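K.L.:
A structural model of the following input is requested.
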Amino acid sequence: MVDEGTRKGSILIIDDEESILGILEGYLSGRNYEVITAGSGERALEVSEKREFDVALVDLKLPDTSGLDLICRFNNSRPDMKCIVMTAYASLESTIEALRMNVFDYIIKPFDLVKIGEVVDAAYNHSILKKENDSIIERLEVANKKLERNRDDLSRKILDTNKELADANESLKKHVTRLKMLYQMGRDISSNENWSDALDRFLMALCRYLEADGAGLLMFSNDGKMLKTRTSYQVEEALIEETIDGILRAQMTDELITEIFAFDDTEKARLRSCLDMRSKWEQTIIPLLYKGRWLGFLIIVKEYSDRRIYLHDYHFINTIQTILAEEVANADNISRLRNLKDFNETILENIGSGVLKTDKSGKIIFTNKRAREILKREVKGDLHFDDIFRNPFGREGLFGYLISNEASDCSLEGALSIRDQMDMPIRLTSTRIRTDDYEGDTLVAIFEDLTEQKAMEEELRRADRLRSLGELSAGVAHEIRNPLTGIATTAEILKEKLEGEAGKLKYLSVILSEINRLDDIIKNLLGFARPAIPSPSEVSIRCLVEEATGLVMEKAYESKVKLSLNCEIDDDLCLLDRDQIKQVVLNVALNGIQACNDGGELNIFIRKSNNPAFIQVEFADSGEGISKDISDKLYNPFFTTRSNGTGLGLSISRKIIEGHGGRIYHRCEENNGTRFFIEIPKRTVACKTEETAAKVS
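P.N.:
A predicted model of the protein is given here:
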């Protein structure tokens, strides 16, 4: 289907061969033409009488008439239609006759469809061009006649207009002079930080130019709910208050208009456009709007006896309305921008990270308060970026490295050099920015002091060493105590048998004394490896687990283990010994990381237990799991599956949890990871005495 909106024109094809008609109709329809076919001259004349065609393709030999005769009749009835002759028997006489009849073109059968398409397009374009030319000529003739008629009238009007322009020019000079001065006043309003003085000068100038008795400016609050006097000049306060009341009443009843208005003398609550006023008024109120937002109103106190006198000032006041609204809005926006600037500077100066900016050469041109505190100096443009930041990637300057880096943003850990002090570990995040070609590439850098974090990491390493030392101590104590007990028993028996032999007994006394001293040493070693008595306090389980997992984060990173924490409860407070429970979390989390064998996940969940008095902490690793034959031995002292383990971690953890009135257990499937569960009572703790704790241990 051809879109009617894209159809070019209409074509009439006359031929007595239906095959030719079908071919031409299909081809030309495909070229966006409306095609009508006729098999005889009579049919062609009948169709052409009912409608107009742009182009006609006419076969010279038709069953009922000659093609040339048909063209002759077309020239009389449809002179604008372009005719194209088609024939298989061309002769010089027929060609000359066709040209004499102003035929557009002559096509010999068998014909080339592409050639026919080109000829038809040319004929159609020629027809359209002729119609347009005829239309233009017709319009020009009409316009020329009208121009001649109006020429005399225009001459008279020009004379009258010249006189009016001369009068208007004088008036315009006066208005331009006033507008220039008032425009400067308006600019003064928006550019002056203390724009109250500028407003006062504006009102004074306005009254002088309009010969008004006074003027005032009313402004809405930021929320648009309050209307108050911003400034006034020679206007009584009572009049202003009365005007404010009338405006607010009109606003409440949705009668407030954007045109310059005055209050009707007969009814103060009613307002009317000054262009509609018929009786005199003394107070003209000019609404100030900017981009659909109500800013306030300008009041001019001047008596107008009727609308005709007001029209002398109307255009001037209308211009004042536009200028003042824009300048007041600009002044308000500038004030907001200053407040925003102060707000941003306050934030920048008080954030906990150091912020600095360089120029294109690397000189530091800005530092915030925290940066100055860390650097312990004021930066005055003489300090280079490389003077304080060391490059961890090589010997070249860090500034050059960051500027030439492909990525505009970079985050790294490095060291900050401060004079007379040791280097400070820092995390540096930089962004390369380019304001323009003149400023070039510069850096904005944010840096944080990592001293406390590094100390925490060192504490983690120390805790790991202490844990290993505790495991070693427990193992050594366990291995020494059994033979030591045998030695002590034998020495006691020997002492009984040698009773009365003082010379020999003194050696046994030395042996027993040394055995007791060695036993004390072993007790101290066991005390090092054994949990102390719980010292309960109210603790958030989530915070405690976050602290503990923070200590093993580096270990997880080294082992390529993804560590996640999910807390599913709001009330997670428990009464427990913070350090002991943290030791348990550390032990279980480290076991989970080690079980993952360099890669995997350790997911920690904090949720409600089946018993509402308990909170459950689950540690789920993606390791190989634990086989059933060793699953029951996990909590036995000195049982371990690792060659470097002592087998005391889970047994000590179990004692600590049980000492708090809770329990620890696990579930596992071989080759499908292990899940450890710690359940701790929320509000109570079993604080064991020293004696009870010793028995449990």
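
K.L.:
State the helix or strand in which residue 448 lies.
P.N.:
Here residue 448, judged by DSSP states H and E, is contained in strand 441-449.

K.L.:
for residue 345, same thing?
P.N.:
Applying DSSP H and E, one finds residue 345 within helix 307-350.

K.L.:
again with residue 486
P.N.:
Per DSSP H and E: helix 451-497 holds residue 486.

K.L.:
May I see the buried residues of the strand holding residue 448?
P.N.:
Neighbour-count burial for strand 441-449 flags 442-443, 445-449 (criterion: 16 or more other C-beta atoms under 10 Å). For every residue, glycine as well, the C-beta is placed using N, CA and C.

K.L.:
what's the offset of the helix holding residue 345 from the middle of its chain?
P.N.:
30 Å (C-alpha atoms, centre = their mean, to the nearest Å).

K.L.:
Mind naming the longest helix for this protein?
P.N.:
helix 113-191 (DSSP state H).

K.L.:
Packing partners of that helix?
P.N.:
When contacts are defined as 3 or more C-beta pairs under 8 Å, 6 or more residues apart in numbering; DSSP states H and E, helix 113-191 sits against helix 18-30, strand 55-59, strand 82-87, strand 105-108, helix 195-210, helix 307-350.

K.L.:
Average pLDDT for that helix, rounded please.
P.N.:
In this model, helix 113-191 carries a mean pLDDT of 77.

K.L.:
what does stretch 649-669 give?
P.N.:
On average, stretch 649-669 scores 80.

K.L.:
buried ones in that stretch?
P.N.:
649-657, 659-662, 664, 666, 668.

K.L.:
Pull the contacting residues for residue 126.
P.N.:
Shown in contact with residue 126 (C-beta atoms under 8 Å, 6 or more residues apart in numbering): 82, 104.

K.L.:
which intervals of the stretch 201-350 of the chain have sub-threshold pLDDT?
P.N.:
265-269, 332 (pLDDT under 70).

K.L.:
burial measure for the residue nearest to residue 23 when sequence neighbours are not counted, as a count.
P.N.:
Excluding its sequence neighbours, the residue lying closest to residue 23 (C-beta to C-beta, 6 or more residues apart in numbering) is residue 113, at 7.4 Å. Per other C-beta atoms under 10 Å, the neighbour tally for residue 113 reads 14.

K.L.:
distance of residue 113 from residue 81?
P.N.:
Going from residue 113 to residue 81 by C-beta to C-beta, to the nearest Å gives 22 Å.

K.L.:
what helix or strand is the closest residue to residue 212 other than its chain neighbours on?
P.N.:
Spatial nearest neighbour of residue 212, excluding adjacent residues (C-beta to C-beta, 6+ apart): residue 302 at 3.9 Å. Residue 302 is located in strand 293-304, with elements delineated by DSSP H and E.

K.L.:
Please spell out which residues along that strand are buried.
P.N.:
Those buried within strand 293-304 under the rule 16+ other C-beta under 10 Å are 294-302, 304.

K.L.:
count of neighbours near residue 348?
P.N.:
Residue 348: 13 neighbours (other C-beta under 10 Å).

K.L.:
Against which helices or strands is whatever helix or strand residue 44 lives in packed?
P.N.:
Residue 44 belongs to helix 41-50 when assigned by DSSP H and E. Other helices and strands packing on helix 41-50, by 3+ C-beta pairs under 8 Å, 6+ apart, are strand 10-14, strand 34-38, strand 55-59, helix 67-77.

K.L.:
what is the orientation angle of that helix with strand 34-38?
P.N.:
140 degrees (axes from the mean of the first three to the mean of the last three C-alpha atoms, to 10 degrees).

K.L.:
relative to strand 10-14, how tilted is helix 41-50?
P.N.:
Going by the same axes, to 10 degrees, helix 41-50 makes 160 degrees with strand 10-14.

K.L.:
Centre of the chain to helix 41-50, how far?
P.N.:
Going by C-alpha atoms, centre = their mean, where helix 41-50 is centred and where its chain is centred differ by 70 Å.

K.L.:
Just want the angle from it to strand 55-59.
P.N.:
170 degrees.

K.L.:
Show me which positions of helix 41-50 end up buried.
P.N.:
41, 44-45, 48.

K.L.:
Please apply the same query to stretch 313-329.
P.N.:
For stretch 313-329, burial by neighbour count (16+ other C-beta under 10 Å) applies to 313, 316-317, 320-321, 323-329.

K.L.:
just to revisit the earlier point, please work out which of the helices and strands packed on helix 113-191 is packed deepest.
P.N.:
strand 55-59 (a mean of 26; mean count of other C-beta atoms under 10 Å).

K.L.:
any idea of the mean pLDDT in it?
P.N.:
What strand 55-59 shows for mean pLDDT is 87.

K.L.:
Which neighbours in the sheet does it have, and how are they oriented?
P.N.:
strand 10-14 (parallel), strand 82-87 (parallel) (DSSP bridges).

K.L.:
Contacts for the longest one next, please.
P.N.:
Yep, that's strand 82-87 we're talking about. Residues contacting strand 82-87 (C-beta under 8 Å, 6+ apart): 15, 54-61, 67, 71, 74-75, 94, 98, 101, 103-109, 111, 119-120, 123-124, 126-127.

K.L.:
Going along the chain from that strand, find the next helix or strand for me.
P.N.:
Downstream of strand 82-87 (by DSSP H and E), the next one is helix 92-100.

K.L.:
how about that next one as PDB, C-alpha atoms only?
P.N.:
Output of helix 92-100 as PDB, limited to C-alpha atoms (Å, rounded to 0.1, in the frame of the first residue of the first chain):
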ATOM      1  CA  LEU A  92       8.500  10.800 -39.100                       C
ATOM      2  CA  GLU A  93       5.100  12.200 -39.900                       C
ATOM      3  CA  SER A  94       3.600  11.000 -36.500                       C
ATOM      4  CA  THR A  95       6.600  12.300 -34.700                       C
ATOM      5  CA  ILE A  96       6.300  15.800 -36.300                       C
ATOM      6  CA  GLU A  97       2.600  15.900 -35.600                       C
ATOM      7  CA  ALA A  98       3.100  14.900 -32.000                       C
ATOM      8  CA  LEU A  99       5.700  17.700 -31.500                       C
ATOM      9  CA  ARG A 100       3.300  20.100 -33.100                       C
END
